[in-house]
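> take a look and give me a structure for this.
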Amino acid sequence: MENIKNATCVDDVMDQGQASRTGADTDAMAAIEDGPPRDTPTPEILTRLWASDAAEGLARRAPRFSARTGLSPYQRWTLMIAVGFLVLGAAGWMNWEVSLLTGLVGLLFGCLISLRLLACLLPPVWARHRPLPACALPRASLIIALYRESAVLPVLVSALEAIDYPADRLEIRLALEADDSETIAAARALDLDQKYRIVLIPEGGPRTKPRALNYALRFCSGEIVTIHDAEDRPHPRQLRTAAESFAAAGPELACLQAPLNWFNRAECWLTRQFALEYAAHFHTLLPLYARLRWPLPLGGTSNHFRTAALRRAGGWDAWNVTEDADLGFRLHALGYRCDIIAPLTLEEAPTRVWPWVCQRTRWLKGYAQTLAVHSRPSGLPEQRQSHFALTLTLGAALISALAHAPLAAACLLALIGVLADKGADSATWLHGGFLALGYGTSAATAALGMRRAGLGVRLSDLLLMPLYWPLQSWAAVRALYQLATRPYFWDKTEHGLSTFTDPACTSRSPPHSPYSPPAPESSCSPAGGPDNRSAPSAAHASSPGPSSPSSRPPSVSS
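Below you'll find the model as predicted:
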């Protein structure tokens, strides 16, 4: 609860310019919450207002938390001075600067090595959960933003139908761009049941996933909002585990992240390397961040939000192309916390280098945007405390991506020099040993992450990891170029290209890991036995956590 107390000064950094809801808006939202017919049209004026708010709402109400405003004058001057020093150092006019830069980079990589070692030593501790009978589960809303995804819709629906959650407490919103006629036609041809609703996102900019999510959130009445991607295959009990974890926690828990990996990880060398990278992140590093109570750089899918907290935080930033990582840091800055659950989601990894580079370009560009947003001075205690975590997560990812190719080239040149009998001085051995330690801890983190996820790993893939990393430098250079020329461009990843298309390839639970003991299970049945999962007469569940005004963190959106 201390985090909530510390967040009371957040109103000092918010612009209170949000207009109150109109009568028509209130009436429409009441109809949505009561469960409107699937084909009920939204009034045109509300469509325009909601589309505008989906794009500009956070930037208007809390500009310091939006990438829309770009760099602050202070950040621009800092960046110009840093670039000037780099240019002078590269020209050989300031030799001391090269030594300083080498020392700072060495310190950063030393912290990363220590962080990986600590992550390997400490087992993951999943969020505490309290088993709930079906009648006590809260209403849940799933949002899936789709654009040019007609090919994967049937498999997506199969995965969604496998979710173990009472049908009368689950609603699914397919957020489709209004001009994406092919996907719209494919969705309507599936003859979906009443828990599905197609939400057409009005045309407008920026054409990003977070804008679509913000608009679709208007049509959600669940106490929990879950985000999935088009190609996702979540574990059937993932949503139920999230609901039970919210029930066991206080209102400061705003989001639960499920681990991610790839169902086509064995398809080629690139997908196997991607699987190693994801296993290291979601099964070793994220659990450590959660232990340390750091902000979590969320993944773009399988995020389970407490809806009230998500709305009070202002939703997603439509102008940030890694809206997930940004939201994780914003929630932390506002006094909330995020945690992790065990059931994982499988996705489709790019099988060719160019789509991989495009996807990574968007991620690294978004990391740079998020670094700029959350390094702005705001006066929030949590935001000051998160600067170290921000540097060792997103900052380190961006810097290491830029450094991988030059480091690989330097290693190759040094090796050629040694083989040519030129010998190696003490500095070369020191740098080589430091680099080998970095590679070794990365491989150990990836191998342990795969084991924790219950996935197999090849020794040859671990040894070839250094050949995979330099690809990130290509993506990092593209990201910096796009940041200057097309900062809000969404480099979309195409799905449905993998040959591993078996819809039965769904996620399974990883091996058991320790977590806080669950509370005893209770029952809502008069006889004390299990209730009917899908009984249409079942009462709506109460909120997954306390929601009295005195216990709520402050709001961005009001």
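> what ranges do the strands span in the stretch 151-300 of the chain?
Applying DSSP state E, counting those that start in this stretch to the stretch 151-300 of the chain gives strands spanning 170-177, 196-201, 224-228, 233-234, 253-257, 260-262.
> tabulate those strands (JSON lines), appending distance to Ile184 and mean neighbour count.
The C-beta positions use only the backbone N, C-alpha and C, and glycine is treated the same way. JSON lines is the format used below for the strands of the stretch 151-300 of the chain (distance: least, CB to CB, whole Å; neighbours: other CB atoms under 10 Å):
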{"stretch": "strand 170-177", "distance to Ile184": "5", "mean neighbour count": "23"}
{"stretch": "strand 196-201", "distance to Ile184": "7", "mean neighbour count": "20"}
{"stretch": "strand 224-228", "distance to Ile184": "19", "mean neighbour count": "26"}
{"stretch": "strand 233-234", "distance to Ile184": "23", "mean neighbour count": "25"}
{"stretch": "strand 253-257", "distance to Ile184": "30", "mean neighbour count": "26"}
{"stretch": "strand 260-262", "distance to Ile184": "27", "mean neighbour count": "25"}
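> could I get those strands in TSV, plus columns for mean pLDDT and distance to Arg452?
TSV is the format used below for the strands of the stretch 151-300 of the chain (pLDDT from 0 to 100; distance: least, CB to CB, whole Å):
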stretch	mean pLDDT	distance to Arg452
strand 170-177	97	29
strand 196-201	95	34
strand 224-228	98	22
strand 233-234	96	18
strand 253-257	98	15
strand 260-262	94	11
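> including distance to Gly110, could those strands go into TSV?
Converted to TSV, the strands of the stretch 151-300 of the chain look like this (distance: least, CB to CB, whole Å):
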stretch	distance to Gly110
strand 170-177	43
strand 196-201	45
strand 224-228	35
strand 233-234	37
strand 253-257	27
strand 260-262	28
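> nearest to Leu344 among the ones you listed would be which one?
Counting by CB to CB, Leu344 lies closest to strand 260-262 out of those; the figure is 6.1 Å.
> who are the packing partners of that closest one?
helix 269-280, strand 345-347 (3 or more CB pairs under 8 Å, 6 or more residues apart in numbering; DSSP states H and E).
> any idea how far Leu146 is from Arg458?
Distance of Leu146 to Arg458, computed by CB to CB, to the nearest Å: 34 Å.
> more neighbours, the two?
Taking neighbours as other CB atoms under 10 Å, Leu146 and Arg458 compare with Leu146 leading, 25 against 14.
> partner residues bridging the more buried one?
Leu176 (DSSP bridges).
> that one touches Ile172, doesn't it?
No. Using CB atoms under 8 Å, Leu146 is not in contact with Ile172; the gap is 11.7 Å.
> follow-up on the earlier one: need the helices and strands packed on strand 260-262 in a markdown table with mean neighbour count, distance to Arg68 and mean pLDDT, can you?
Formatted as a markdown table, the helices and strands packed on strand 260-262 follow (neighbours: other CB atoms under 10 Å; distance: least, CB to CB, whole Å; pLDDT from 0 to 100):
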| stretch | mean neighbour count | distance to Arg68 | mean pLDDT |
| --- | --- | --- | --- |
| helix 269-280 | 23 | 30 | 96 |
| strand 345-347 | 25 | 28 | 95 |
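> may I ask which helix or strand of this protein has the lowest mean pLDDT?
helix 23-33 (a mean of 40; mean pLDDT, DSSP states H and E).
> point out where the stretch 401-550 of the chain drops to low pLDDT.
For the stretch 401-550 of the chain, applying pLDDT under 70 flags the ranges 417-428, 431, 501-550.
> quick one: Arg240 from Ile341, how far?
10 Å.
> joint contacts of the two?
Taking CB atoms under 8 Å, 6 or more residues apart in numbering as the contact rule, Arg240 and Ile341 have no neighbour in common.
> doesn't Thr301 make contact with His228?
Yes. The criterion here is CB under 8 Å, and His228 meets it with Thr301 at 5.4 Å.
> so what's the residue count around Glu56?
Quick note: Glu56 (other CB under 10 Å) scores 18 neighbours.
> what of Thr102?
The burial count assigned to Thr102 is 11, neighbours taken as other CB under 10 Å.
> in which helix or strand does it reside?
Element membership of Thr102, judged by DSSP states H and E, is helix 95-121.
> list the beta-bridge partners for the closest residue to Ile224 other than its chain neighbours.
Spatial nearest neighbour of Ile224, excluding adjacent residues (CB to CB, 6 or more residues apart in numbering): Ala140 at 4.5 Å. Beta-bridge pairing for Ala140 (DSSP bridges): Leu170, Ile224.
> surely Ala140 and Ile227 touch.
No. Between Ala140 and Ile227 there is no contact under CB under 8 Å: 11.7 Å.
> can you classify the closest residue to Ala447 other than its chain neighbours by secondary structure?
Once flanking residues are discounted, Ala447 sits nearest to Val457: 5.5 Å by CB to CB, 6+ apart. Recorded secondary structure, Val457: coil (DSSP: H, G, I helix; E, B strand; the rest coil).
> contact partners for Val457?
Val457 makes contacts with 276, 446-447, 450-451, as judged by CB under 8 Å, 6+ apart.
> state the distance from it to Ala436.
Per CB to CB, Val457 is found 20 Å from Ala436.
> over to Glu203?
53 Å.
> who's Thr345 bridged to?
Going by DSSP bridges, Thr345 forms beta bridges with Pro234, Leu260.
> could you pull up the residues touching it?
For Thr345, the contact set (CB under 8 Å, 6+ apart) comprises 228, 232-235, 238, 258-261, 301-302, 507.
> how about those in TSV, adding distance to Thr370?
Shown next, in TSV, are the contacts of Thr345 (distance: CB to CB, whole Å):
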residue	distance to Thr370
His228	22
Asp232	23
Arg233	28
Pro234	25
His235	28
Gln238	26
Ala258	21
Pro259	21
Leu260	19
Asn261	23
Thr301	17
Ser302	19
Ser507	27
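> brilliant, that's me finished.
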